[in-house]
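Engineer: Output the structure for:
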Amino acid sequence: MKKAFLQLHIAVLLAGFTAIIGKLVDLNEGVLVWYRMVISAVTLGVILYFRHEMIRISLGKMGALLGVGAIIALHWVTFYGSIKYSNVSVAVTCLSAIGFFTSLFEPLLMRRRVDIVEVMLGLLTILGVYLIFNFYPEFKTGIIFGILSAMLACLFPILNKRLLGSFSPKIVTFYEMAGGVIVLCVILPFYFRFFPARNLMPTWQDWIWLGVLAWCCTVLAFILSLSALMKISAFTVNLSYNLEPVYSILLAFLLFKENKFLGPGFYAGFSLILLAVSLQMIRVWRGRKRRRLVAVR
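Structural biologist: Next up, the predicted model:
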């Protein structure tokens, strides 16, 4: 269990850099995600081929993996859209609404009872997002993108929980990246009608950041996160990812001086979200301690 929590924390730390890179790459959010997923899929495909780990899977399972990849692609497009239409700090804070959506969707998909405490903690994060929305109406489009991103983000850990019983994290990540590429090829021409792309080719600086984004923040982070998910619940994984804003916001303050544009409303909302994360981690720790005591008796 300790190894799983360590893997999860490293994955969250890497995820904290993705928003910063999204700000640094001068591409439309749809184009950025397409390159990210192509590089990731090709990299994993080469690794799996040369290590003889590529396996045949049924059409049904392949469809499920590709479908989850489509959800991931849409999550990333809305996430980077949130950054482009607001800023890093607001985008990653909105993403913390994952806890609320997970508390509703996980019981529905996993056919278990709704945990009232999880719902209440999730609502606390929603209240935090509302405070930010109320104080910064100029970020309206970015906040809407951020909420959509959180709703989509809560789904793939829940769905992956089932798929990991059949496949390794590397196989899951490869097919999901491939699925994302396929869905983006279909929807981007329509997406560009509403959110046009100024250019489709990255600059040489963009290529460097895209490489870091794909290899470190995607391939490595996904494998670590999925490995942790084999031992930890989807809700705990999702709520732990609410620590991502801590890393992203600190970096945004340092690199982009975003603290100059944010006031009391942002800090009040962020504090509520951080409180929800802290309470859940305490709850998980106490639950484990209780189970150990029962086992000893």
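
Engineer: Tell me how many other residues surround G263.
Structural biologist: 11 (other CB atoms under 10 Å). C-beta: built from backbone N, CA, C; applies to glycine.

Engineer: Ok, A252 next?
Structural biologist: Here the count is done by other CB under 10 Å, and A252 has 25 residues near it.

Engineer: Go ahead and list the helix or strand containing it.
Structural biologist: Counting by DSSP states H and E, the element that carries A252 is helix 244-256.

Engineer: cool, M177 as well?
Structural biologist: Element membership for M177 (DSSP H and E) is helix 169-194.

Engineer: Return the list of helices and strands in contact with that helix.
Structural biologist: Using 3 or more CB pairs under 8 Å, 6 or more residues apart in numbering; DSSP states H and E as the contact criterion, the neighbours of helix 169-194 among helices and strands are helix 29-50, helix 59-85, helix 155-163, helix 221-229.

Engineer: could you give the mean pLDDT of it?
Structural biologist: For helix 169-194, mean pLDDT is 93.

Engineer: How far off centre is it?
Structural biologist: Helix 169-194 sits 15 Å away from the centroid of its parent chain (CA atoms, centre = their mean, to the nearest Å).

Engineer: Quick one: closest of the helices and strands packed on helix 169-194 to G22.
Structural biologist: Among these, the nearest to G22 by CB to CB is helix 59-85 (4.6 Å).

Engineer: what's the neighbour count on G45?
Structural biologist: The local packing count at G45 equals 15, with neighbours defined by other CB under 10 Å.

Engineer: Next up, the contacts around it.
Structural biologist: Taking CB atoms under 8 Å, 6 or more residues apart in numbering as the criterion, G45 is in contact with M54, F174, A178.

Engineer: Closest one of those residues to V12?
Structural biologist: Comparing the contacts of G45 against V12 with CB to CB places F174 closest, at 21.9 Å.

Engineer: measure the closest one to K231 for me?
Structural biologist: Using CB to CB, to the nearest Å, one gets 22 Å for the distance from F174 to K231.

Engineer: ok, these two, which is more surrounded?
Structural biologist: A count of neighbours by other CB under 10 Å puts F174 above the other of F174 and K231, at 26 against 15.

Engineer: Could you find the closest non-adjacent residue to that one?
Structural biologist: Here the nearest residue to F174 in space, its sequence neighbours aside, is L44; by CB to CB, 6 or more residues apart in numbering that works out to 4.1 Å.

Engineer: pLDDT score for the one you found?
Structural biologist: At L44 the predicted local confidence, pLDDT, stands at 91.

Engineer: before we move on, what about the one 10 residues further on?
Structural biologist: The model reports M54 with a pLDDT of 88.

Engineer: which ones are touching it?
Structural biologist: When contacts are counted by CB under 8 Å, 6+ apart, M54 is found next to G45, L48, I171.
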